[in-house]
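>>> When you get a sec, could you give me coordinates for this:
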Amino acid sequence: MSAKLNVLTVGNAIVDIFARCDDAFLDRQGIGKSMMNLVDAERSAQLYGALDAPQEISGGSAANTAVGIVALGGTAGFSGRVHDDTLGHSFIADIGAAGVHFGAKAQPDGSPTASSIILVTPDAARSMNTYLGACIEFQPDDINEQDVAAADIIYLEGYLFDAPAGPDIFQRAAALADRHDTRISLSLSDPWCAERHRDALSTFCRNHVDILFANEEEATSLCQLDGNAARDALCADMAEVVITRGADGAFAGRGDDRHEVAAMPLGTVTDTTGAGDLFAAGYLFGRTNGYGVRDSGIIASIAAGEVISHIGARPDQNLAKLVEAGLADTGLATASTN
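Below is the predicted model:
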């Protein structure tokens, strides 16, 4: 990798498979409506074979963030593990078509590529059936050193810490980032993950992380404190902290440079899938393109506001134009240096 990247994201490579169905199909397949189920390879293949006109999109939290950064006009790469199978090649082709650099090769050995079969009924309810497959076989050496060297920031997906090799993956990322003067950003991803690995994640954050992303529940889980107390504890330990609060907006702070950022939904909230991923995309795009903490928070809020206005975790509208208009409305039309 020779071209410069704003951000290299690292996480679970999952092919999202969308298909429309009716309630009767869910009943026949024994699927609880609006539920998320973990399934094995056999069940995933059986469900896939029963689908009518499925649509396959490269997914996973960190991959969504990479796609969002590119949609904003930035440059991004993604590091994750896929198998040398139909879905693996579908993932590689799709994320490449979105403009994201993917330097890894499909693996000939191990489990099939991870997938999430998302069944959407006419009332827009989503029932998810996720097979983790190759995701949980991600290895430290799957992170390409040249990609880390090319990036301003490496962004780690907290879900990955729960993989068998998760702690070793994070330590390799930290070592490579230190070697190449690349900043580290981390999303806690899930309250349960933060609770399960509280001590290890807390130590990693204090020692290595430059920008931490969390929602309020994740911050509480990691710090065992509520609300502003959790925020203040994280700010005391971390260089830069971003805490999302859903409809109540977000907090972004670096030292004494602290800001509350309003939520900016574009019309009716339709589907919150990917909101945190796109918020991170907007913020990291800002911080790697000359924008300060407050301005980057506004960009992030615009990006998240777009993705919750429709079904799916990919932007439908031109994010770069939305951000340009949004910053102009707030008097922040050009990049700042703070």
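>>> And for the nearest residue to residue 50 once chain neighbours are set aside, the neighbour number?
The shortest distance from residue 50 to any non-neighbouring residue, by Cβ to Cβ, 6 or more residues apart in numbering, is to residue 29 (6.9 Å). For the C-beta atoms, the positions are set from N, CA and C on the backbone; glycine is no exception. When counting by other Cβ atoms under 10 Å, one arrives at 16 neighbours for residue 29.
>>> Next: residue 36.
12.
>>> Also residue 126?
Neighbours of residue 126 (other Cβ under 10 Å): 17.
>>> Kindly report the same for residue 91.
When neighbours are counted by other Cβ under 10 Å, residue 91 comes out with 31.
>>> how about it, what does it touch?
Residues in contact with residue 91 (Cβ atoms under 8 Å, 6 or more residues apart in numbering) are 13, 15, 58, 82, 113.
>>> what are the phi and psi angles of the third one?
Main-chain dihedrals, residue 58, degrees, to the nearest 10: phi -60, psi 130.
>>> and what of the last one?
Main-chain dihedrals, residue 113, degrees, to the nearest 10: phi -60, psi 140.
>>> Surely it and residue 15 touch.
Yes - applying Cβ atoms under 8 Å as the test, residue 113 and residue 15 come out as touching, 6.1 Å apart.
>>> between the two, what contacts are shared?
With Cβ under 8 Å, 6+ apart as the test, residue 113 and residue 15 both reach 87, 91.
>>> Kindly format the C-alpha coordinates of the helix or strand residue 8 falls within as PDB.
According to DSSP states H and E, residue 8 maps onto strand 5-10. Taking Å, rounded to 0.1, in the frame of the first residue of the first chain, the C-alpha atoms of strand 5-10 are listed here in PDB:
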ATOM      1  CA  LEU A   5      -5.000   6.600   4.000                       C
ATOM      2  CA  ASN A   6      -6.900   8.900   6.400                       C
ATOM      3  CA  VAL A   7      -8.000   5.800   8.300                       C
ATOM      4  CA  LEU A   8      -7.400   2.100   8.300                       C
ATOM      5  CA  THR A   9     -10.300   0.300  10.000                       C
ATOM      6  CA  VAL A  10      -9.900  -3.100  11.600                       C
END
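>>> Quickly name whichever of the contacts of residue 91 is closest to residue 307.
Lowest distance from residue 307 to these (Cβ to Cβ) belongs to residue 58, with 15.4 Å.
>>> who's in contact with that closest one?
Contacts of residue 58 (Cβ under 8 Å, 6+ apart): 13, 15, 16, 67, 90, 91, 92, 94, 95, 98.
>>> out of those residues, which are inside helices?
Of these, the ones assigned to helices by DSSP state H are 67, 90, 91, 92, 94, 95.
>>> quick one: the helices in this protein?
According to DSSP H, the helices that the chain contains are 23-29, 41-49, 61-71, 86-97, 145-150, 166-179, 191-196, 198-208, 216-223, 227-237, 275-287, 293-307, 319-329.
>>> which one of these lies closest to residue 138?
Short answer: helix 166-179, nearest of the helices of the chain by Cβ to Cβ, at 6.3 Å.
>>> The closest one to helix 198-208, inter-axis angle?
10 degrees (axes from the mean of the first three to the mean of the last three Cα atoms, to 10 degrees).
>>> So which bits of stretch 251-269 are buried?
251, 252, 253, 254, 259, 261, 263, 264, 265, 266 (16 or more other Cβ atoms under 10 Å).
>>> meant to ask about stretch 239-254, not that
240, 241, 242, 243, 244, 246, 249, 250, 251, 252, 253, 254.
>>> In strands only, show me those.
Using DSSP state E, the subset of these located in strands is 240, 241, 242, 243, 244, 250, 251, 252, 253, 254.
>>> Nearest to residue 283 among the residues you listed?
Out of these, the member with the shortest distance to residue 283 (by Cβ to Cβ) is residue 242, at 5.8 Å.
>>> Can you spell out which residues form a bridge with that closest one?
residue 213, residue 252 (DSSP bridges).
>>> Show the contacting residues for it.
211-214, 250-253, 279-280, 283, 297, 300.
>>> same deal with residue 125?
33, 34.
>>> ok, now the one 10 residues further on?
Contacts for residue 135 were tallied using Cβ under 8 Å, 6+ apart; they are 12, 13, 14, 60, 80, 81, 114, 163.
>>> swap in residue 317?
266, 306.
>>> where's it relative to residue 297, distance?
Distance of residue 317 to residue 297, computed by Cβ to Cβ, to the nearest Å: 20 Å.
>>> follow-up on the earlier one: name the pair among the ones in strands among the buried residues of stretch 239-254 with the greatest separation in space.
Farthest apart among these - using Cβ to Cβ - are 244 and 254, which lie 16.2 Å from each other.
>>> before we move on, back to that, and the strand holding residue 8, what does it pack against?
helix 61-71, strand 76-79, helix 145-150, strand 151-157, helix 275-287 (3 or more Cβ pairs under 8 Å, 6 or more residues apart in numbering; DSSP states H and E).
>>> partners of that strand, with directions?
Here, using DSSP bridges, strand 5-10 pairs with strand 76-79 (parallel), strand 151-157 (parallel).
>>> The shortest one - what's its average pLDDT?
Spelled out, that is strand 76-79. For strand 76-79, mean pLDDT rounds to 97.
>>> swap in stretch 313-320?
87.
>>> Output the helices of the chain as a markdown table; include the columns distance to residue 157.
Output for the helices of the chain, formatted as a markdown table (distance: least, Cβ to Cβ, whole Å):
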| stretch | distance to residue 157 |
| --- | --- |
| helix 23-29 | 29 |
| helix 41-49 | 21 |
| helix 61-71 | 4 |
| helix 86-97 | 14 |
| helix 145-150 | 15 |
| helix 166-179 | 10 |
| helix 191-196 | 10 |
| helix 198-208 | 12 |
| helix 216-223 | 13 |
| helix 227-237 | 18 |
| helix 275-287 | 9 |
| helix 293-307 | 17 |
| helix 319-329 | 21 |
